[in-house]
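In: sequence and predicted model, in that order:
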Amino acid sequence: MTGTAQVPPPGGRTAHPDRLGRVVFIAASAAMGGFLFGYDSSVINGAVEAIRSRYDIGSAVLAQVIAIALIGCAIGAATAGRIADRVGRIRCMRVAAVLFTVSAVGSALPVDLYDLAFWRIVGGFAIGMASVTGPAYIAEVSPAAYRGRLGSFQQAAIVLGIAVSQLVNFGILQLADGDQRGHLMGLEAWQWMLGVMVVPALLFGLLTLAIPESPRFLISVGRTDRARTVLAEVEGEGADLDARTAEIETALRREHKPVFRDLLAGRFSFLPIVWVGVGLSVFQQFVGINVAFYYSATLWQSVGIDPSGSFLYSFTTSIINIAGTVVAMLLVDRVGRKPLALVGSAGMAVALAFEAWAFSARLVHGRLPDTEAVVALVAAHVFVLFFALSWGVVVWVFLGEMFPNRIRAAALGVAASAQWIANWAITASFPSLADWSLSGTYIIYTCFAVLSLPFVLLFVKETKGKTLEEMG
């Protein structure tokens, strides 16, 4: 990482070394929303079969209960940009922390299936807010030389949240003697799995009390002196604060508060840059990554692996996810965003093709044959690795950087909303597609991985080393 930090971006703007620790703390604190995003998204993996059993529902209804949170995500993402522009990034994060907390309590103590679905929507709204506010805030407080790696904190936090949720689920399952509906202190195991999220939600709320508001928001509401203080805090006393403040003020004067029509090129079409953001978001989901985190335990059980083993494989997948994310964080400012995306697309396409082949085998006594089982497990982990070291990180970095200042918050909201709608489509359709053909489902995901290659080559521009003001 030090090799990259020594090369300043155009304009030479970078953080003073004695401020880097503070900048890292600020970015990590904001990324706690990403941790909750990952935790809340993935924790349901441990409760899927228990919910099916407790409420005696089929695959179609179960899929809707699992996926309904993503509707909340889409709404939260679509509205978070406007909320953040009106009340500030920090207050928006605090609202999300409160929603995460009440969602965890409500999901752990549902009155019935509809009540559970409602609390999942509330949690989804919080995830959507975190998915927009976190990347935007981190991009706005980060010096350009470090912005790629600091922006990747969001994805690092997401994958850490996914891994921790699987570890917590596995631990609770062991305490309940391997039974998702086993009783622990008056509640079933799956209820504890969903309720434990109260702890990181409260921590997120506390951390928002220790970090400053975005200097760009402060200047937009006339608090220039406070903005200068924040800029000095993250860039060092030696930074040219007058120049930085003037640069932001100039950029803000060229813009107005973004509204939806600002994103339109015509009456019914977005600006090309907004379509690129939407495309990145959709491709990120249509390769089927969240099947690995919402349904992996159920998937492995369906091909003959026992419940404890399926939870263990879910956890090892999460560890691979973390490892790949670390690789991306080390490389995103060194090799750039676009090369990582291309490598990831190619690797995912190959891994998904092998998974499709493995799942095409006939089950023997309810299990995949040994060769196909090994290929399926290895390919699943390779797929997650290539996703994590590429699209998992670079999409969030791109979305925090690629839009012009005048439309950034609104455009990021639209792109993130599209991501959640795509996520919902994959999550809601997987059980039915798997019942139709597990191999055919993975062929579909393979096709999207292949199509993402020409999309990146033709439409996505590199943002490495550019300041936000240089985006337009």
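Out: Yep, that arrived.

In: where in the stretch 251-400 of the chain is pLDDT low?
Out: Within the stretch 251-400 of the chain, the stretches falling below the threshold (pLDDT under 70) are 255-260, 266-268, 302-303, 306-308.

In: how about the residue of the chain most remote from its centre, what does it touch?
Out: With distances taken from the mean C-alpha point of the chain and given as Cα atoms, centre = their mean, the most distant residue is residue 365, at 37.8 Å. Contacts were defined as Cβ atoms under 8 Å, 6 or more residues apart in numbering; by that measure residue 365 touches residue 304. To be clear about C-beta, it is placed using only N, CA and C from the backbone, and glycine gets the same treatment.

In: same check, this time on residue 287
Out: 348, 352, 387, 391, 445, 448, 449, 452.

In: just give the number of residues close to the first one.
Out: Pointing back at residue 348 there. Other residues near residue 348 come to 28 when the count uses other Cβ atoms under 10 Å.

In: does the spatially closest residue to it that is not a sequence neighbour belong to a helix, a strand or coil?
Out: Distances taken as Cβ to Cβ, 6 or more residues apart in numbering put residue 449 closest to residue 348, at 4.3 Å, once the chain neighbours are dropped. Following DSSP: H, G, I helix; E, B strand; the rest coil, the label given to residue 449 is helix.

In: and residue 449, how many neighbours does it have?
Out: One way to gauge burial is a neighbour count; for residue 449, by other Cβ under 10 Å, it gives 26.

In: same question for residue 343.
Out: 15.

In: check which helix or strand covers it.
Out: For residue 343, the host element (DSSP states H and E) is helix 337-359.

In: now do that helix: which elements does it pack against?
Out: helix 370-388, helix 391-401, helix 438-459 (3 or more Cβ pairs under 8 Å, 6 or more residues apart in numbering; DSSP states H and E).

In: how about it, which residues are buried there?
Out: By neighbour count on 16 or more other Cβ atoms under 10 Å, the buried set for helix 337-359 is 337-342, 344-359.

In: which regions of the stretch 1-150 of the chain sit below the pLDDT cut-off?
Out: Under the criterion of pLDDT under 70, the regions of the stretch 1-150 of the chain flagged as low confidence span 1-19.

In: ok, the residue nearest to residue 348 touching residue 349?
Out: Yes - taking Cβ atoms under 8 Å as the contact criterion, residue 449 and residue 349 are neighbours in contact, 3.9 Å apart.

In: all strands for the chain, in order.
Out: 183-184, 187-188 (DSSP state E).

In: who are the packing partners of the last one?
Out: Under the contact criterion of 3+ Cβ pairs under 8 Å, 6+ apart, strand 187-188 touches no helix or strand at all.

In: gap between that strand and the chain center?
Out: Put simply, strand 187-188 sits 29 Å off its chain's centre (Cα atoms, centre = their mean, to the nearest Å).

In: try the first one
Out: Here the centre of mass of C-alpha atoms in strand 183-184, compared against the chain's by Cα atoms, centre = their mean, lies 32 Å away.

In: contacts for it next, please.
Out: Outside strand 183-184, the residues that touch it by Cβ under 8 Å, 6+ apart are 172, 175, 176, 189, 192.

In: just the buried residues of these.
Out: The neighbour count (16+ other Cβ under 10 Å) marks 172, 176, 189, 192 as buried among the contacts of strand 183-184.

In: am I right that the second one is in contact with residue 191?
Out: No - the criterion here is Cβ under 8 Å, and residue 176 misses it with residue 191 at 10.6 Å.

In: ok so, going back, ok, and which of the strands of the chain has the densest surroundings?
Out: strand 187-188 (a mean of 16; mean count of other Cβ atoms under 10 Å).

In: list the strands paired with it, with their directions.
Out: Applying DSSP bridges, strand 187-188 is found paired with strand 183-184 (antiparallel).

In: next, the contact list for residue 427, please.
Out: Residue 427 makes contacts with 63, 66, 67, 70, 290, 291, 294, as judged by Cβ under 8 Å, 6+ apart.

In: and it, how far from residue 142?
Out: As defined by Cβ to Cβ, to the nearest Å, residue 427 lies at a distance of 32 Å from residue 142.

In: kindly report the same for residue 74.
Out: The gap separating residue 74 from residue 142 is 27 Å, by Cβ to Cβ.

In: kindly report the same for residue 60.
Out: Between residue 60 and residue 142 the distance, using Cβ to Cβ, works out to 44 Å.

In: how about residue 52?
Out: With the distance defined as Cβ to Cβ, residue 52 ends up 43 Å from residue 142.

In: more neighbours: these two, which one.
Out: Relative neighbour count places residue 142 above the other of residue 52 and residue 142, with 25 against 18, counting by other Cβ under 10 Å.

In: surely the more buried one touches residue 23?
Out: Yes - look at residue 142 against residue 23 with Cβ under 8 Å: they come within range, at 6.6 Å.

In: okay, and the common contacts of these two?
Out: Common neighbours of residue 142 and residue 23, counting by Cβ under 8 Å, 6+ apart, are 150, 234.

In: export stretch 153-163 as CSV, just CAs?
Out: What follows is stretch 153-163 as a C-alpha-only set of coordinates in CSV (Å, rounded to 0.1, in the frame of the first residue of the first chain):
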residue,chain,number,x,y,z
PHE,A,153,-13.6,-0.1,3.1
GLN,A,154,-17.3,-0.2,2.3
GLN,A,155,-17.0,-3.6,0.5
ALA,A,156,-14.4,-4.8,3.1
ALA,A,157,-17.0,-4.1,5.8
ILE,A,158,-19.7,-5.8,3.8
VAL,A,159,-17.8,-9.0,3.4
LEU,A,160,-16.7,-8.9,7.0
GLY,A,161,-20.3,-8.5,8.0
ILE,A,162,-21.2,-11.5,5.9
ALA,A,163,-18.4,-13.6,7.5
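
In: can you list contacts of stretch 39-47?
Out: With Cβ under 8 Å, 6+ apart as the contact definition, stretch 39-47 has outside contacts at 66, 69, 100, 103-104, 120, 123-124, 126-127, 158, 161-162, 164-166, 168-170, 172-173, 180, 190, 193-194, 196-197, 200, 290, 293-298, 311, 314, 318.

In: kindly report the same for stretch 157-167.
Out: Contacting residues not belonging to stretch 157-167 are listed as 28, 31-43, 45-46, 193, 200, 293, 311, 314-315, 317-319, 321-322, 324-325, 388, 392 [Cβ under 8 Å, 6+ apart].

In: if we can go back for a sec, out of the contacts of residue 287, which one sits closest to residue 219?
Out: Of all the contacts of residue 287, the one with the least separation from residue 219 (Cβ to Cβ) is residue 391, at 33.1 Å.

In: now that closest one: how far from residue 328?
Out: Distance of residue 391 to residue 328, given as Cβ to Cβ: 9 Å.
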